[in-house]
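Visitor: The sequence and its predicted three-dimensional model are supplied below.
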4 protein chains.
Amino acid sequence: MGEKSDQKREYILDRAKEVFARKGFLQVTMKDIVEACKISRGGLYLYFGSTEEIFCAILSKQWEEEDGDLASNLGETVGMADILMLFLKEQKKLILCKKEDMGRATYEYFFAHKPKDISENILRNQFKTAVHILTRILEEGTIRGEFYCENPKQEARNLMYSIEGMKICSRTMGLNESQVDRELLYLVSGFLIEE
Amino acid sequence: MGEKSDQKREYILDRAKEVFARKGFLQVTMKDIVEACKISRGGLYLYFGSTEEIFCAILSKQWEEEDGDLASNLGETVGMADILMLFLKEQKKLILCKKEDMGRATYEYFFAHKPKDISENILRNQFKTAVHILTRILEEGTIRGEFYCENPKQEARNLMYSIEGMKICSRTMGLNESQVDRELLYLVSGFLIEE
Amino acid sequence: MGEKSDQKREYILDRAKEVFARKGFLQVTMKDIVEACKISRGGLYLYFGSTEEIFCAILSKQWEEEDGDLASNLGETVGMADILMLFLKEQKKLILCKKEDMGRATYEYFFAHKPKDISENILRNQFKTAVHILTRILEEGTIRGEFYCENPKQEARNLMYSIEGMKICSRTMGLNESQVDRELLYLVSGFLIEE
Amino acid sequence: MGEKSDQKREYILDRAKEVFARKGFLQVTMKDIVEACKISRGGLYLYFGSTEEIFCAILSKQWEEEDGDLASNLGETVGMADILMLFLKEQKKLILCKKEDMGRATYEYFFAHKPKDISENILRNQFKTAVHILTRILEEGTIRGEFYCENPKQEARNLMYSIEGMKICSRTMGLNESQVDRELLYLVSGFLIEE
DNA sequence: AATGAATGAGCCTTCATTCAT
DNA sequence: TATGAATGAAGGCTCATTCAT
């Protein structure tokens, strides 16, 4: 066990992630993952007992990795507006499904698994973290005179709900880049002070 | 044929709708619907060939029925702010899943059925219609001096994206009424002129 | 459903009984029964959900059928010794597994399914019924002067335990007819009055 | 090899015995035993190739150990009635499953493995030995005037069949201590001379 | 000797779909 | 039209057994 197993575990999670990205959560079977991994049925069960277990493992891993991506840059000498743009650019990718991510799978998973232990809900945590980062950006930007924003926290929340809305609209009814740009621009224009 | 068949068709759709509202789209089987309808397996197949067919039929029906619910009131003597509140109240119900609707099922369905024929995409049409109605409300309200809104169309879009975002957040991570109220209030405060 | 189904149900039970008689209980799979019945996998599940369910159905059926086989003859003009011999002859068949019965399967089943609801335990009921019948035979025979038996109930119990013992010995270590005869003769000799 | 291996062999048999006592024979898997032994899968296969092999090894070992437990006491100055009581007390424990023994497992094993090589059948040997011991007890007791028994061998056989019957009844339909006592008392009363 | 990862066969169960009535 | 029995494919899970280390 140990090192070798961990490696294979990671390998399985990586392959499985591709499968989830392609098929969502509900329609993925253990067989799908077995085939994607090119291992035996029994082999997979050595590591994970169900698609749910695999899915949760991927979410956890992702959560750990993402930690403090943007947050670290706060307080640097870069302009807050730039950081905000960086943040929105990332979100835009997610909205437009540029990088085949697990968005759909995640939605499907949490549709069916209502938040029992609310603190355990990764989606919630992700959302809260995003709001937190945005709030700090808005606050700092306001202090520096780059933004005009009376209620940064609320504004941050508003931004995130809109972005979530676009994510879902993009996946269910299709959105193109210019539509997203237009909307993001409008959102930002509410507090951005043009030079 | 004819009338009698139509009646049964409607009956099936009504029962099926309850099932979809309860279980989403992907996890509903023909068996589930057969049982909900208390008809025979073969009987169901006389009317519909798959869950997808049934689901689409429900969506179409719904679309026809909803048509011009609110739109009809526009132009009446009631205040636009009141109409807006009525509209938001309806949306709030959907966000909080007060009336067990097919929200989740619809998301699941359109996740998997990417908008091929875009004009056929009902979600898109619903969204566009909602934006259209909101736009008219905002325009009329602005004319009447109830709102201050420079770009009603864009504002309407923004509102709808936020609302979509809340819908999804409510279903996946849980939202309570006060959270929704706070957000809606904030959104409206951007253009509502207080007396 | 109804008649037709009942017929098939019986058919399945009959085939399954052969399987249980051959393989015991624990080693019988749904697949075995499917094959014995020459029906489809799903077809079997239409009638029974598990080997246990099938097994219990067979036991119940058997229990109903056996009812009052010997008991009916009591009180006739035949000699009690003759009736006793008839009874023992039946038991001898079971001991020697002359008719491939479900003895082994039944033991295996009740080994694993400890008597929760004791009154429901068919083995117990069968045993009690046998003891009851024997008791009546002994009582009546004593009255008629064919037997000398101070405690018919206890003697009946003793007989049945010995017979049970022979059943198990026959199945596990092998017994031949003369061994059984010798033992039964000895048992009977304890209360039989020779002419 | 040699000593060390033997030690491990014994260790495995001891753990396996517990498993068999708990689950019978048929439902025990190699996996169960591997887990009970806390050794590796491959490790177990170095010593035994199947559950059957393990089970037989346990039976053999047991047989060797039990040898002449009671037999040794015969001829002492103790009363034969006392020795008989000792013997019956042991049997009572087995009947009531006081010490979790391999009774059920043994039955299950011999149900499926019909006595091919009859002399090899351990159950048979155990039974014969028990009968032999009982016979000697009865003979000696009769000589000493403690018992009145015309046919000790046959009486011994009868006793053992009854005891076997109670064992099986206890395991399949449940017997309590007083029921066993009553039956044993009745059996003994047939030849015991009260002072 | 010993390990334990890996394989693949085998059984379980559920459904979509067909078809004789 | 309507029924529901029947089929068989698909996916889930567990183990006996092997084998590289």
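Guide: Looks like it arrived, so ask away. Residues are numbered from 1 along each chain as shown, chains lettered A, B, ... in the order given.
Visitor: Up against chain B, what does chain A have?
Guide: On the criterion C-beta under 8 Å from any C-beta of the partner chain, chain B has as its neighbours in chain A the residues A:24, A:26-27, A:104, A:106-108, A:110-112, A:114-115, A:118, A:121, A:123-124, A:127, A:151, A:154, A:157-158, A:160-169, A:171-174, A:182-183, A:186-187, A:190. All C-beta spots, glycine's among them, are computed from the backbone N, C-alpha and C.
Visitor: Can I have the buried ones of those residues as a PyMOL selection?
Guide: Below is the selection syntax for PyMOL that covers the buried ones among these, with 16 or more other C-beta atoms under 10 Å in any protein chain shown defining burial:
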select buried, chain A and resi 24+26+27+104+106+107+108+110+111+112+115+121+123+124+127+154+157+158+160+161+162+163+164+165+166+167+168+169+171+172+173+174+183+186+187
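Visitor: Just the ones in helices from the residues of chain A next to chain B, please.
Guide: For these, membership in helices holds for A:104, A:106-108, A:110-112, A:123-124, A:127, A:154, A:157-158, A:160-169, A:171-173, A:182-183, A:186-187, with DSSP state H as the criterion.
Visitor: follow-up on the earlier one: show me which of the residues of chain A next to chain B neighbour chain D.
Guide: Checking the residues of chain A next to chain B against chain D by C-beta under 8 Å from any C-beta, not one of them is in range.
Visitor: Now do the helix or strand of chain A with the lowest mean pLDDT and helix A:103-112, the angle between them.
Guide: Of all the helices and strands that make up chain A, helix A:51-66 has the lowest average by mean pLDDT, DSSP states H and E, namely a mean of 89. Note on geometry: by axes from the mean of the first three to the mean of the last three C-alpha atoms, to 10 degrees, helix A:51-66 and helix A:103-112 are set 120 degrees apart in direction.
Visitor: where does chain A dip in pLDDT?
Guide: Applying pLDDT under 70 to the predicted model, the residue ranges of chain A that meet it are A:1-4, A:66-77, A:115-119, A:195.
Visitor: Residue ranges of each domain in it, please.
Guide: For chain A, the structural domains run A:3-58, A:68-189, going by automatic domain parsing.
Visitor: Determine which of those approaches D:Glu90 most closely.
Guide: Of all the domains of chain A, it is domain A:3-58 that lies closest to D:Glu90, at 45.7 Å by C-beta to C-beta.
Visitor: just to revisit the earlier point, what's in contact with the least confident helix or strand of chain A?
Guide: Identification of contacts with helix A:51-66 by C-beta atoms under 8 Å, 6 or more residues apart in numbering or on different chains yields A:9, A:12-13, A:16-17, A:20, A:25, A:28-30, A:33, A:48, A:102, A:105-106, A:109, A:113, A:122, A:125-126.
Visitor: Now list the buried members of those residues.
Guide: Listed as buried from these are A:9, A:12-13, A:16-17, A:20, A:25, A:28, A:30, A:33, A:48, A:102, A:105-106, A:109, A:122, A:126; burial here means 16+ other C-beta under 10 Å.
Visitor: right, and the secondary structure at the closest residue to A:Ala156 other than its chain neighbours would be what?
Guide: Spatial nearest neighbour of A:Ala156, excluding adjacent residues (C-beta to C-beta, 6 or more residues apart in numbering or on different chains): A:Leu134 at 3.7 Å. Assigned with DSSP: H, G, I helix; E, B strand; the rest coil, A:Leu134 falls in the helix class.
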